[in-house]
Structure formats: structure tokens, C-alpha cells
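Novice: what follows is a predicted protein model with its sequence.
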Amino acid sequence: MAPAGDREGYWGPPTSTLDWCEENYVVSYYIAEFWNTVSNLIFILPPIYGAIQSYKDGLEKRYIIAYLCVAAVGLGSWCFHMTLKYEMQLLDELPMIYSCCMFVYCLYECFKYKKTINYPLLFLLIAYSIGVTIVYLNWKQPVFHQVMYGTLVAVLVLRSVYIVLWVYPWLRGLGYTSLTVFLLGFFLWNVDNIFCDKLRGLREKLPPLVSVVTQFHAWWHIFTGLGSYLHILFSLYSRTLFLKYRPKVKKKPKGAKYVKSAMSI
């Protein structure tokens, strides 16, 4: 049974395992959760711009992929909140895991020389993604997805704190801003879940334009989308600084080992 305030719409009854606090089909007959849907634009447009700019600047492909992963999450989330169908829910939630794995790889490879691939880390992240996918497809528990996603976020936070404390302190502002914005979105996500009934009651008393401000899941999209974009910038700046100021490796002249051997005779 749909919660009070929900209406029937174009996509029919929800089949997803989650139905968020925004009232369904109130703004549009064709969009189940209107504000939760359109707020995903911040997940789509800035990352696409970032990917295009990264390509023009000749940056490493993994950063282009990272931007496109964020855009994929936004597109999946758009489809999920627009339809509230289970298939679209997977299109939202699973790319969240994949994109975070990409972020982990980028951040842990900041201090490596060009044209190197960390195969052990790559294998671990691919195995993690496949494992989470298989389990989640067979065990449809949103809490499992949230824990697996939170684990990756924790890894990113620890790595980011290490970089700003011990490697590049001057990136502290960008690193902490990215983290703060993301945590603010997470806080509002929890408020939306815990106090949903009170929020729905409050919206009925407020003018429509004012009640929009209480759509905290939409704010979660806005803040996490911005936080993800800033995180990629943080990773990019860390990588750029390393490539610019890394110690120069002096190549030994040809025949050096033979000279050394001759001198030791």
C-alpha cells in the first residue's frame, strides 16, 4: 500500500525495494519523484563537462572514466526516481559501487609514474564490484548495498586524510570541502529517512515553493554530486602535483654497468 500522499502515475505501482520520502506523482504524472529526479542534473552535467575538459587537456584516461562514472550514477538515479522500478533501482545503486571503485583506484595511484597499472589493486576492485553485484542481485537488501558503498567511501576518506596531512597540506581546503559537502548530504539523507512522516506533514502546511526545501533526498543528490566532483578534482590535483614535482630519475649512460665491472677487477 502506497504511503499517504502518494498518487498513481504513468509508470504504475513501484516495484523497487525503496520508496523515498517525496510524495509520488504529485508534481508530474510522468515522474514519480519529481525533485529527487531533476536534482540528479548535478550528477550529470558537471561530470560530463569535466570528462570533456580532461580529454582536451590530455589527462589520463582513468580520470575521464571517473567523471563518466559519476554521470552514469546520475542517469541511473534519474531513471530510478522517475519510475521507482526495481530494474532502474539497480541502474542507480550498482554504478555507485563501480564509480567508488574507480575513485579508489585513481586516489591510490596518484603517486605512481605514468603508463603503470596496479594490477593487484585493479583485480581487487573488480572482484569487489562483481562480488557485490552477485550478492545484491540475489539478496535484495538495501542495507547490504549501503554498507558496501559506505566501506568504499571510508577507504576514500582515509586516503584523502593521509594526503592532506602528510603529502600535500595545501590541498587541505579542497579535500576537507569535498568531505564536508558529502557528509552534509549524508546527514540530510538520514534526516529524510528518519523523520519522513513529520516532513510529509510539514509539507502539507507549507506553500508548494517553500515545501520544496524540505525534499532532503534531493539535497542529498545535490551535495553528494558536488562532493564527488570536488573529490575527482582533489585526486587530479594530487596527481598533477606529483607529476610536476616528482624526483627526476637520472638514466645511467649506456655501458655504465660494464664500466663498473671493469673498475672492480
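Specialist: It's in.

Novice: gap between T240 and R62?
Specialist: 14 Å (C-beta to C-beta, to the nearest Å). Just so you know, the C-beta spots here come from the backbone N, C-alpha and C atoms, and that holds for glycine as well.

Novice: which of the residues in the lengthiest helix in the chain are buried?
Specialist: Identified as the longest helix of the chain according to DSSP state H is helix 216-245. Across helix 216-245, burial judged by 16 or more other C-beta atoms under 10 Å covers 216-239, 241-242.

Novice: with stretch 7-15 instead?
Specialist: Within stretch 7-15, judged by 16+ other C-beta under 10 Å, the buried ones are 9, 11, 14.

Novice: ok but G131 is inside a helix, no?
Specialist: Yes. Counting by DSSP: H, G, I helix; E, B strand; the rest coil, one finds G131 located in a helix.

Novice: what's the neighbour count on it?
Specialist: 12 (other C-beta atoms under 10 Å).

Novice: likewise L18?
Specialist: Residues within reach of L18, counting by other C-beta under 10 Å, total 14.

Novice: hang on, it packs against P142?
Specialist: Yes. Shown here, L18 and P142 form a contact pair, counting by C-beta atoms under 8 Å, at 5.6 Å.

Novice: can you pull out the helices in this protein?
Specialist: Here the chain has its helices, by DSSP H, at 34-38, 41-56, 61-83, 86-108, 119-138, 142-162, 172-194, 196-205, 208-211, 216-245, 256-263.

Novice: E60 contacts K114, correct?
Specialist: Yes. The criterion here is C-beta under 8 Å, and E60 meets it with K114 at 7.5 Å.

Novice: out of the two, which sits in the more crowded spot?
Specialist: Neighbour count, other C-beta under 10 Å: between E60 and K114, E60 has more, with 16 against 7.

Novice: now do the contacts for C196.
Specialist: C21 (C-beta atoms under 8 Å, 6 or more residues apart in numbering).

Novice: gap between it and G150?
Specialist: 21 Å.

Novice: tell me where the model's unsure across the stretch 151-265 of the chain.
Specialist: For the stretch 151-265 of the chain, applying pLDDT under 70 flags the ranges 247-265.

Novice: same thing but at 80, please
Specialist: Applying pLDDT under 80 to the stretch 151-265 of the chain flags residues 246-265.

Novice: the stretch 1-150 of the chain now?
Specialist: 1-7, 114-115.

Novice: recalculate using a threshold of 70.
Specialist: 1-6.

Novice: any buried residues in stretch 155-173, and which?
Specialist: 155-157, 159-160, 163-164, 168, 171.

Novice: pick the one among these closest to F43.
Specialist: Of all the buried residues of stretch 155-173, F43 sits closest to L156, with 17.0 Å by C-beta to C-beta.

Novice: how deep is the nearest residue to that closest one once chain neighbours are set aside tucked in, by neighbour count?
Specialist: Among residues not flanking L156 along the chain, F103 sits closest, at 5.7 Å (C-beta to C-beta, 6 or more residues apart in numbering). If you count neighbours by other C-beta under 10 Å, F103 ends up with 25.

Novice: thank you kindly, that will do.
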